[in-house]
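**Q** build me a model:
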Amino acid sequence: MWKSVFLATGVFACLVGAELLVIDSASVKPINGAGPVREITAPDWAPWALISAGAVTLLHFGIGGEASSGHSSAMPKSGPGKFPQI
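**A** Residues are numbered from 1 along each chain as shown. Predicted structure coming up:
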């Protein structure tokens, strides 16, 4: 389950970062229509930070998060009698 959360977070961060590269500001209107329209402008560093954080998260998803544990469950354990002697 955690792998899917990291995948979704990484994709979301990359997409929002790419959107922030394209737009300069966004106007947010209240749901009920009453009140002022807010203008949101992201800082210059925000798109690059989101894209890089999303890319690192996607890379972590791609390796399966097993690099931090020091071993891979897909690889057989080495030991006597595990592999034939040539």
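
**Q** so where do the helices sit in this protein?
**A** 2-22, 46-63 (DSSP state H).

**Q** mean neighbour count and distance to residue 30 added to the ones you listed, as JSON lines?
**A** C-beta here means a position set from N, CA and C on the backbone, and glycine is covered the same way. Output for the helices of the chain, formatted as JSON lines (neighbours: other CB atoms under 10 Å; distance: least, CB to CB, whole Å):
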{"stretch": "helix 2-22", "mean neighbour count": "14", "distance to residue 30": "22"}
{"stretch": "helix 46-63", "mean neighbour count": "15", "distance to residue 30": "24"}
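
**Q** ok, residue 15 - contacts?
**A** With contacts taken as CB atoms under 8 Å, 6 or more residues apart in numbering, residue 15 has the following neighbours: residue 54.

**Q** how much space between it and residue 56?
**A** Distance check for residue 15 against residue 56: by CB to CB, to the nearest Å, it reads 15 Å.

**Q** likewise residue 35?
**A** 38 Å.

**Q** any idea which residue sits dead centre in the chain?
**A** The chain has residue 10 as the residue nearest its centroid, 1.6 Å off, counting by CA atoms, centre = their mean.
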